[in-house]
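1. Compute the structure for the input listed below.
(chains A and B)
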Amino acid sequence: DAGVTQSPTHLIKTRGQHVTLRCSPISGHKSVSWYQQVLGQGPQFIFQYYEKEERGRGNFPDRFSARQFPNYSSELNVNALLLGDSALYLCASSFSDRDYYWIYEQYFGPGTRLTVT
Amino acid sequence: KNEVEQSPQNLTAQEGEFITINCSYSVGISALHWLQQHPGGGIVSLFMLSSGKKKHGRLIATINIQEKHSSLHITASHPRDSAVYICAVRGSGGGADGLTFGKGTHLIIQP
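-> Okay, here's the model as predicted:
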């Protein structure tokens, strides 16, 4: 079975632009989470989605948004890019059920490295 | 102050040595994860535990809920174990907060 996939692998954008990052979870996984990892730091939680609903949001500005599609793939959108948005963006999927969707192990994708110039 | 603290931040050891990486956290948790991250970014989940001890090959993870502390041990370390090891916790309030990560321990095993 394929693991979690993310696209693109690398991306260079200019300040003020908009970016869309994509994630395809492992087949059968209904929960997707997004994390931002700035160089030299641990990842920071951005969003969690389960069954197309947002179930959790980290401390990120409204420039960050996400959605999950009927096939459980997900997009992370960032508007009005800032230099500080340069980071590795990680997606993780997990097999979940509606009432305890957070207790299952997460499987991480390879990440998208975003550079904002 | 980070809710998840790891020590040491950096560790260099010789091949074959027994390695211990520590993780302390300050909040109630429902689960603790140990993750491995290689250069280039890919993260692999090593363990998820909420009590006791788990073993997988040369890796052992333990957790003491009362003391809010976990350790990751590597026996008979090998250069291919060189990576960043990250501790992450999920709060006891449920999944709304996602995982909270430590800053990682950069491990180098020299031949």
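
2. Up against chain B, what does chain A have?
-> A:33, A:35, A:37, A:40-48, A:55-58, A:88, A:90, A:92, A:101-103, A:105-111, A:113 (Cβ under 8 Å from any Cβ of the partner chain). All C-beta spots, glycine's among them, are computed from the backbone N, C-alpha and C.

3. ok, residue A:59 - how many residues close by?
-> 8 (other Cβ atoms under 10 Å in any protein chain shown).

4. Next, give phi and psi for it.
-> Phi and psi for residue A:59, reported as degrees, to the nearest 10, are phi -90, psi 70.

5. pLDDT-wise, which helix or strand of chain A ranks last?
-> Among the helical and strand segments of chain A, the one scoring lowest on mean pLDDT, DSSP states H and E is strand A:53-57, with a mean of 88.

6. Just confirm residue A:36 contacts residue A:91, I think it does.
-> No: the pair formed by residue A:36 and residue A:91 falls short of the contact definition of Cβ atoms under 8 Å, at 11.0 Å.

7. More neighbours: these two, which one.
-> Under the criterion of other Cβ under 10 Å, the comparison of residue A:36 against residue A:91 puts residue A:91 first, with 30 against 21.

8. OK, contacts around that one?
-> Applying Cβ atoms under 8 Å, 6 or more residues apart in numbering or on different chains, we find residue A:91 in contact with A:4, A:6, A:21, A:23, A:25, A:32-35, A:74, A:76, A:108-109, A:111.

9. Secondary structure for the residues you listed - can I get that in a markdown table?
-> Putting those into a markdown table (DSSP: H, G, I helix; E, B strand; the rest coil) gives the following:
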| residue | secondary structure |
| --- | --- |
| A:4 | coil |
| A:6 | strand |
| A:21 | strand |
| A:23 | strand |
| A:25 | coil |
| A:32 | strand |
| A:33 | strand |
| A:34 | strand |
| A:35 | strand |
| A:74 | strand |
| A:76 | strand |
| A:108 | strand |
| A:109 | coil |
| A:111 | coil |
